[in-house]
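K.L.:
mind looking at a prediction? Sequence and model below.
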Amino acid sequence: MSRKQEGQRVDIYTRITERIVEDLAKGVRPWMKPWNAANADGRITRPLRHNGQPYTGMNTLLLWSEGVARGFSSPMWMTFKQALELGAAVRKGESGATVVFASRFTKSEDDGRGGEVEREVPFLKAYTVFNIGQIDGLPDHYHHRPVPFLDPVERIEHADRFFRNTGAVIRHGGGQAYFSPAGDLIQMPNFEMFRDAASYYATLSHESVHWAGAPGRLNRDLSRYHKDRSERAREELIAELGSCFLCADLGIVPELEPRPDHASYLQSWLKVLSDDRRAIFQAAAHAQRAVNYLHGLQPVADEEREAA
């Protein structure tokens with residue numbers, strides 16, 4: 001990777017992290033902003049590409065935050081070129097939002113013994129997208145996309161099935177919610193102790209992301225969770241983001257207020273992000289992997305894989 005490319009990468013990490021740190025310093029969890037929108041029930045979704053495919057990982061956070069900060073009502077985004085290909089155009093003077101693309105390329109290098117060795121080089125590229133509210137001339141169906149409505153009872157049944165299909169051992173009782181690595185189980189307070197059904201499933205989502213990271217599954221290193229405050233903050237940030245992603249996928253509005261046992265992480269997250277500009281990207285990537293893993297345990301996902 002050239003010095004210029006590395007500099008661009010560092011600049012992307014820095015710019016985006018500084019934006020999130022600024023929100024956290026005000027006591028605002030930027031990934032939770034979408035849930036404050038009016039009439040959010042039944043309309044929770046991830047940001048969408050021009051073809052209807054949802055964004056994942058870090059881009060979910062970036063576009064959620066951007067959309068709410070600027071008052072966009074549509075979750076759909078596209079590039080300047082994609083708009084032109086649809087016969088539309090971004091309005092003059094409109095500014096876009098930054099999204100990122102992370103991947104790797106293989107580079108051949110001299111091994112010092114007259115031969116060559118292949119090395120994978122990671123790269124990060126930023127590009128600009130515009131909300132469809134900034135674009136004129138789009139086909140009508142982009143502005144009148146049907147909003148999925150889920151009956152509250154059906155939504156709960158759907159969530160119950162989802163968590164049951166993971167195979168996680170979920171026990172109820174007591175006044176705390178946590179994942180126990182020693183017992184490999186999720187402990188939850190009884191359902192009726194929660195303010196509402198959404199709060200119960202949001203909490204269960206959080207603990208399920210911890211569960212997904214255990215040995216034999218995604219194998220995130222949780223050995224220092226109880227010994228190192230920084231490692232604990234990183235793992236809780238992963239679970240926090242993963243819970244938001246999963247709630248969006250399940251059509252559930254997560255808790256607006258942090259749990260009392262999680263509120264103290266705000267300052268820890270600030271320190272972690274201030275010390276390491278890559279931390280929020282790493283947390284979002286781990287969160288997305290956990291959510292993908294949980295989706296992969298669903299029967300529908302199995303059937304789709306067999307058909308592919």
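P.N.:
Cool, got the structure.
K.L.:
give me the domain ranges for this protein.
P.N.:
3-142, 152-307 (automatic domain parsing).
K.L.:
highest mean neighbour count out of these?
P.N.:
Of these, the one with the most neighbours on average (mean count of other C-beta atoms under 10 Å) is domain 152-307, at a mean of 17. C-beta here means a position set from N, CA and C on the backbone, and glycine is covered the same way.
K.L.:
go through the domains of the chain and find the least confident stretch.
P.N.:
Mean pLDDT is lowest for domain 3-142 out of these, coming in at a mean of 78.
K.L.:
list of residues touching the longest strand seen in the chain?
P.N.:
Scanning the chain for the strand with the most residues, using DSSP state E, yields strand 116-131. In this structure, residues lying in contact with strand 116-131 by C-beta atoms under 8 Å, 6 or more residues apart in numbering are 1, 5, 8-9, 12-13, 63, 66-67, 70, 72, 74, 76-80, 83, 90, 94, 96-111, 281.
K.L.:
tell me how far Q187 lies from L218.
P.N.:
20 Å (C-beta to C-beta, to the nearest Å).
K.L.:
can you map out the helices along the protein?
P.N.:
3-25, 57-69, 80-85, 152-165, 197-212, 229-250, 260-263, 265-275, 279-296, 299-307 (DSSP state H).
K.L.:
partners of V99 in the sheet?
P.N.:
Here V99 sits in beta bridges with Y127, going by DSSP bridges.
K.L.:
next up, the contacts around it.
P.N.:
Taking C-beta under 8 Å, 6+ apart, one finds Y55, N59, L62, L63, W77, A126, Y127, T128, V129 in contact with V99.
K.L.:
show me which of those residues is closest to D196.
P.N.:
L63 (26.8 Å; C-beta to C-beta).
K.L.:
need the contact list for the closest residue to that closest one other than its chain neighbours.
P.N.:
Of all residues not flanking L63 in the chain, P47 sits nearest, at 3.6 Å (C-beta to C-beta, 6 or more residues apart in numbering). Contact analysis of P47 by C-beta under 8 Å, 6+ apart lists P54, Y55, N59, T60, L63, W64, G67, P75, M76, W77.
K.L.:
let's see that with 6 Å instead.
P.N.:
Y55, L63, P75 (C-beta atoms under 6 Å, 6 or more residues apart in numbering).
K.L.:
angles on the backbone of it, please.
P.N.:
phi -60, psi 150 (degrees, to the nearest 10).
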